[in-house]
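Peer 1: What shape does this take:
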Amino acid sequence: MDLWAPTSRLDRVEEQRDPAWVREVWAGGVVLDVDLDGNLACDAAGTGLAWRDPREPYDEQRHLLLGLVDGVPHFAQLSEEPGATASLRALGAHLDDTGNDLAATALALVNWHLVAPYCGVCGGPTIVRHGGDVRYCPHCERDRFPRTDPAVIVAILDPAGRLLLGHHAGWDERRVSILAGFVSAGESLEQAVRREVREEASIELGVVRYVGSQPWPFPRSLMLGFVAEALTDDVHVDGDEIEWANFYTVDEVAEQVADGRLVLPLKLSIASRLIGAWRDGRLTVQGAPGEM
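Peer 2: Okay, here's the model as predicted:
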């Protein structure tokens, strides 16, 4: 199942980013301001993105082309005075697939340019090219591309079909989610799933199955979702990242969400979609790869 923005109309025009063309289409496009905290310009209700007409001359180093939507060029830029803003976490539930696709792309690009002004090889300054999705090092004469950090997130089911939910240190005391973690250098995704679950909950896994992915630009991650079979229901959390965790039935989750004892992840997240698929009976370990 395609979890992320399946009906998005965003065309990233990867093969159509000639500098002269990007400059030409700037005047007929729209711009989304992003502030230094990673918040997006929004409407007065805080439920939609606030796109504006370009007010300034095109600047190749500041104005980042996200792509075309129904033929209209959409840009993003870092702004110190963007007006009303909201986080993607707050906005995401109100946006359609195209809006979420644009917002995630804007955040990912702005975040990358903020932390990558210099070449990682020679340390010299780099310049923006290709409409914003490349930084070029004049000294090394090489292009640098946006970095994406892979992270795994896994719905763990015990032999009875119960789902493991854990509470992360620093969260509101009622908030829970499924387990997640970054992929280490030289590690496969499946290895990362097994290691993270072993470290955080002391559970050994049987079958591990890939389900789907989602960009998570906080600041620049790609969340890769899995479902996995727990060989035991004996949970021992690390006490560091995960303070407590338990297996729950569908009915137990429904009851404890209803009375406020549990708070589930935001609907925007792949965690929410995996949990929702489990609650609906659509998430199993035995399904074909890529299917829920």
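
Peer 1: rest of the way, CA atoms for contacts and neighbours
Peer 2: OK.

Peer 1: all strands of the stretch 1-150 of the chain, in order?
Peer 2: Counting by DSSP state E, counting those that start in this stretch, the stretch 1-150 of the chain has strands at residues 10-11, 30-34, 40-41, 64-69, 72-78, 85-86, 127-129, 134-137, 142-144, 149-157.

Peer 1: What average pLDDT does the first one get?
Peer 2: What it means is strand 10-11. If you average the pLDDT over strand 10-11, you get 98.

Peer 1: Same check on stretch 252-268?
Peer 2: When pLDDT is averaged over stretch 252-268, the result is 95.

Peer 1: Repeat that for stretch 65-72.
Peer 2: Averaged across stretch 65-72, the pLDDT comes to 98.

Peer 1: Could you do stretch 275-286 as well?
Peer 2: For stretch 275-286, mean pLDDT is 94.

Peer 1: for the strands of the stretch 1-150 of the chain, which one ends up most surrounded?
Peer 2: Across those, averaging neighbours per residue (mean count of other CA atoms under 10 Å) puts strand 40-41 on top, at a mean of 28.

Peer 1: Which of the strands of the stretch 1-150 of the chain sits closest to residue 284?
Peer 2: strand 149-157 (8.2 Å; CA to CA).

Peer 1: mind giving me JSON lines with the strands of the stretch 1-150 of the chain and columns for distance to residue 104?
Peer 2: Listed next are those as JSON lines, based on distance: least, CA to CA, whole Å:
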{"stretch": "strand 10-11", "distance to residue 104": "12"}
{"stretch": "strand 30-34", "distance to residue 104": "11"}
{"stretch": "strand 40-41", "distance to residue 104": "10"}
{"stretch": "strand 64-69", "distance to residue 104": "10"}
{"stretch": "strand 72-78", "distance to residue 104": "11"}
{"stretch": "strand 85-86", "distance to residue 104": "13"}
{"stretch": "strand 127-129", "distance to residue 104": "19"}
{"stretch": "strand 134-137", "distance to residue 104": "17"}
{"stretch": "strand 142-144", "distance to residue 104": "20"}
{"stretch": "strand 149-157", "distance to residue 104": "14"}
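
Peer 1: so which of those strands comes closest to residue 164?
Peer 2: The closest of these to residue 164 is strand 149-157. By CA to CA, the value is 5.5 Å.
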